[in-house]
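Undergrad: after the sequence you'll find the predicted model.
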Amino acid sequence: MWKFAALASICLATVACSDRPRYPYQDARLGVDKRTEDLLRRMTDAEKADLVRSGAAGPGSARLGISALKVDTTPPPSGLAWVATWNPDLVRQVAAQTKSAFGYYGEDPWLASRMTVAWTGAVQAAGRIGTLLDFPCGDAYGRQINEVRYPPFRAAIEEAGLWSVTSSCPDNPALRDWGFRGFAIGDQTLDDDHVRGILRAMFAEGLFDPEVTKADSADKQKVLRTVAEQSVVLLKNEGDLLPLYATRIHSIGVIGSDDQLQAVHERAAATAVIKGDAADVVIAFDGPTITVHDATRQASLAVWPGTPEGARGATDVIFGDANPSGRLPLTLPRYPFGFGLSYTTYEWSDLKIFPASPRYGQTVQVVVKVHNTGTRAGAEVVQVYVHQGLRGFVRVELKPGEAREVAVTLDRRSMSFYDPVVKDWAAEPGVFEVLVGTSSRDIRLKGSFELYR
């Protein structure tokens, strides 16, 4: 597995401009580039140096209304939980509510890219400068680095307009090739191009225009509770032990912290809840795994360390208040990438792939019908693999008995490999196998299309 870059956010305090702009760069009606160039030519060498170094510390320039950047590059321990939801919309909500970053994207470049784009767009829409940490150094045109390490960075830059990275190789030509117009934190190069990148980001995010408010009004705790619920992955459920019905159980034992004991106690109502294993049903909180067992059956769930509201989110799933919909963003012993069980059942049918014979550059639509055949509402994650590599996914919520068609678009990159000779993505004509399933190994439907030049 590969550890992808973490995403941070940079907050910046600016000195308010007067109502009547004194200089062109203070006029919000002008474009970013014009404002940038105007401010850049007014800065002294000392002020440019101060701005470049203020990523670590610096007094800023009160003369021109520039404050020091306040950089938070500490990723939270719960980042993997956000990826385990396989829900970019929820990741956008988290990004709008928090100032921390992803700590780990999981092992798959495609999943990492989708979550990175969602996070970056929401962070920067909220008036902060999104930053991806640890841009990888190496051969900028090598196949492995382009197919494995670069995808989250390239997607964030090309699709979401990422403004900042941290890197020990800020002059890497890949950044320039992707149209990166921002700056590298930690780069102490004192030239106008570097300063220009910082100023562009500041103007683009409205950081010189404090009257522009981009705050999100959603309830932060509610969002975090939803993440905690949707990130829980049900790994095993012998004899349908879960969900637990508190009214049918005399006693529940909890092995874990006081907070975890309290979370179970609040949900179990009149059922006796004790600390220890001398009970009819035992819930053991053991780091990233929760084990539930009675005399004959056992269930296990994967949770993610450091997740806010984690114990209560897991309890919601254990007692059936939420149907588990998390999927593994990495491979675990005995469990494949993308795996996750549910309290309901789904049938898949009517796979359609069109056009059947696309030309190079055309997109391909993969459509499948998913039917909730169980008695509980739930969310299924449709995963689309091309030649066994993940190339698309969609999370679909279904009521009992409900059926819905879902579609995944395969773009040019989905059909391509990185060619170091041409220094770009390329595709070979031929037949492409399409696998649609609930994990990388549980494939429900198969089809294909043939790509032509």
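TA: Received it, and whenever you're ready, just let me know what you need.
Undergrad: how far does the helix or strand where I283 lies sit from the chain's center?
TA: In the assignment (DSSP states H and E), I283 maps to strand 281-286. Centroid displacement of strand 281-286 relative to its chain, using CA atoms, centre = their mean, to the nearest Å, is 29 Å.
Undergrad: also stretch 324-333?
TA: For stretch 324-333, the gap between its own C-alpha mean and the chain's C-alpha mean amounts to 14 Å (CA atoms, centre = their mean).
Undergrad: now the strands for the stretch 1-150 of the chain?
TA: When secondary structure is read from DSSP state E, counting those that start in this stretch, the stretch 1-150 of the chain shows strands at 7-12, 69-72, 129-132.
Undergrad: so the closest residue to V384 other than its chain neighbours, which of the three states?
TA: Across the structure, with CB to CB, 6 or more residues apart in numbering as the measure, the residue nearest V384 apart from its sequence neighbours is G392 (4.2 Å). (Glycine included, C-beta is placed from N, CA and C.) Secondary structure assignment for G392 (DSSP: H, G, I helix; E, B strand; the rest coil): strand.
Undergrad: likewise for A299?
TA: Three-state call for A299 (three-state DSSP): strand.
Undergrad: I'd guessed it sits against P243; true?
TA: No. Taking contacts as CB atoms under 8 Å, A299 lies outside contact range of P243: 9.4 Å.
Undergrad: from the contact counts, what lies against the helix or strand that comes right after the strand holding I283?
TA: Scanning the chain past strand 281-286 towards its C-terminal end, the next helix or strand to appear is strand 289-293 (assignment: DSSP H and E). Strand 289-293 sits against strand 281-286, strand 298-302, helix 310-318, with contacts defined as 3 or more CB pairs under 8 Å, 6 or more residues apart in numbering; DSSP states H and E.
Undergrad: give me the angle between strand 289-293 and strand 281-286.
TA: With axes from the mean of the first three to the mean of the last three CA atoms, to 10 degrees applied, the angle from strand 289-293 to strand 281-286 works out at 170 degrees.
Undergrad: rounded mean pLDDT for stretch 61-79, please.
TA: Here stretch 61-79 scores 73 as its mean pLDDT.
Undergrad: please put the alpha-carbon coordinates of that stretch into PDB.
TA: Taking C-alpha atoms only, stretch 61-79 is exported to PDB below (Å, rounded to 0.1, in the frame of the first residue of the first chain):
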ATOM      1  CA  SER A  61       3.700  43.600   6.000                       C
ATOM      2  CA  ALA A  62       1.200  46.100   7.600                       C
ATOM      3  CA  ARG A  63       2.300  48.700   5.100                       C
ATOM      4  CA  LEU A  64       0.600  46.700   2.300                       C
ATOM      5  CA  GLY A  65      -2.000  44.900   4.300                       C
ATOM      6  CA  ILE A  66      -0.300  41.500   4.200                       C
ATOM      7  CA  SER A  67      -0.300  39.300   7.300                       C
ATOM      8  CA  ALA A  68       1.900  36.200   8.000                       C
ATOM      9  CA  LEU A  69       0.500  32.900   6.800                       C
ATOM     10  CA  LYS A  70      -0.700  30.700   9.600                       C
ATOM     11  CA  VAL A  71       0.100  27.200   8.400                       C
ATOM     12  CA  ASP A  72      -1.600  24.100   9.800                       C
ATOM     13  CA  THR A  73       0.000  21.000   8.200                       C
ATOM     14  CA  THR A  74      -0.900  18.500  11.000                       C
ATOM     15  CA  PRO A  75      -3.200  15.900   9.500                       C
ATOM     16  CA  PRO A  76      -5.800  14.500  11.900                       C
ATOM     17  CA  PRO A  77      -5.700  10.800  12.900                       C
ATOM     18  CA  SER A  78      -9.200  10.300  11.400                       C
ATOM     19  CA  GLY A  79      -8.400  10.900   7.700                       C
END
